[in-house]
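# no sequence for this one, just the structure:
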């Protein structure tokens, strides 16, 4: 698990998200929502995967009673 020292304390400022670059030194920000403050739009749902047809099960002969 994470080390205790990497967890910010209750009085620590919120850590910037890694998607916003490496701090305010980067200009302009690569992600437009970092400067506007609005969350990014949700990604489009992935296309449904085609389900391969299941092969027909072989018909077993009736079992003889022992």
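Nice, I can see it. Remember, predicted model here, so these are calculated numbers, not experimental data.
# end to end, how far does stretch 50-64 reach?
40 Å (CA to CA, to the nearest Å).
# return the set of buried residues in it.
Using 16 or more other CB atoms under 10 Å as the test for burial, stretch 50-64 gives no buried residues. C-beta coordinates here come from the backbone N, C-alpha and C atoms, glycine included.
# mean confidence for it?
Across stretch 50-64, pLDDT averages out at 78.
# so where is this structure shaky, pLDDT-wise?
1-40, 66 (pLDDT under 70).
# let's go with 50 and repeat that
Along the chain, segments meeting pLDDT under 50 span 26.
# Three-state assignment for residue 50, please.
Three-state call for residue 50 (DSSP: H, G, I helix; E, B strand; the rest coil): coil.
# just use 57 as the starting number from now, easier for me
Sure, I'll start counting at 57 from here, so that last one is residue 106.
# relative to residue 99, how far out is it?
Distance of residue 106 to residue 99, given as CB to CB, to the nearest Å: 21 Å.
# what do you get for residue 108?
26 Å.
# residue 118 now?
From residue 118 to residue 99 the distance is 53 Å (CB to CB).
# and if you look at residue 110?
From residue 110 across to residue 99, the span is 31 Å (CB to CB).
# same question, residue 112
Counting by CB to CB - residue 112 and residue 99 are separated by 38 Å.
# also residue 115?
Counting by CB to CB, the gap from residue 115 to residue 99 is 46 Å.
# element containing residue 114?
Secondary structure assigned from DSSP states H and E places residue 114 in neither a helix nor a strand.
# same thing with residue 117?
Per DSSP H and E, there is no helix or strand for residue 117.
# burial measure for residue 104, as a count.
6 (other CB atoms under 10 Å).
# kind regards, and thank you for your time.
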